[in-house]
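Asker: here you go, sequence then predicted model.
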Amino acid sequence: VQLVESGGGLVQPGGSLRLSCAASGFTFSSYFMSWYRQAPGKERELVAGINSFGDRTNYKDSVKGRFTISRDNAKNTVYLQMNSLKTEDTAVYYCKASSNWKTPYWGQGTQVTVSS
């Protein structure tokens, strides 16, 4: 099983990034997918989630209207489009695959730094 995040980097406030998480080794289309983030000295927190069909999403209040989660089950990939980035969005971003009664899978994370 692998979850490989990509797309992180350094961006100025107000800028955009698109994170990708490529999955392999399990039935991606059956799993709820989510993005978490962890800033230095803080706990990991849920940013956004999307159901297996891709028709239901949920977001942390502070990213609503700025971030969009989506998935392509044909490509086994989940995305996080991040717009209007703020310095407080700086964190390591992780994707997670969840399914009832099964141990979740985590990616290794990708660093997002928002700074001028």
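Answerer: Here it is on my side, so go on.
Asker: tell me the centre residue of this protein?
Answerer: Nearest to the geometric centre of the chain sits residue 35, at 2.9 Å (C-alpha atoms, centre = their mean).
Asker: I'd like the next helix or strand past the helix or strand harbouring it.
Answerer: Element membership for residue 35 (DSSP states H and E) is strand 32-38. Reading on from strand 32-38 to the C-terminus, the next helix or strand found by DSSP H and E is strand 45-50.
Asker: burial count for the closest residue to residue 85 other than its chain neighbours?
Answerer: Nearest non-adjacent residue to residue 85, counting by C-beta to C-beta, 6 or more residues apart in numbering: residue 114, 4.6 Å away. Placement of C-beta: from N, CA and C, glycine included. By other C-beta atoms under 10 Å, 19 other residues sit near residue 114.
Asker: ok, residue 114 - contacts?
Answerer: For residue 114, the contacting residues are 11, 12, 13, 15, 85, 86, 87, 88, 89, 90, by C-beta atoms under 8 Å, 6 or more residues apart in numbering.
Asker: are we agreed that the third one is in a strand?
Answerer: No: applying DSSP: H, G, I helix; E, B strand; the rest coil, one finds residue 13 to be coil, outside a strand.
Asker: if I read this right, it contacts residue 83, doesn't it?
Answerer: No: using C-beta atoms under 8 Å as the test, residue 13 is too far from residue 83 to be in contact (11.7 Å).
Asker: from residue 18, how far out is residue 1?
Answerer: 23 Å (C-beta to C-beta, to the nearest Å).
Asker: which of the two has more neighbours?
Answerer: Ranked by neighbour count (other C-beta under 10 Å), residue 1 and residue 18 place residue 18 first, with 14 against 10.
Asker: ok, back up a step: nearest to residue 27, of the contacts of residue 114?
Answerer: Residue 27 has its nearest neighbour among the contacts of residue 114 in residue 89, at 31.2 Å by C-beta to C-beta.
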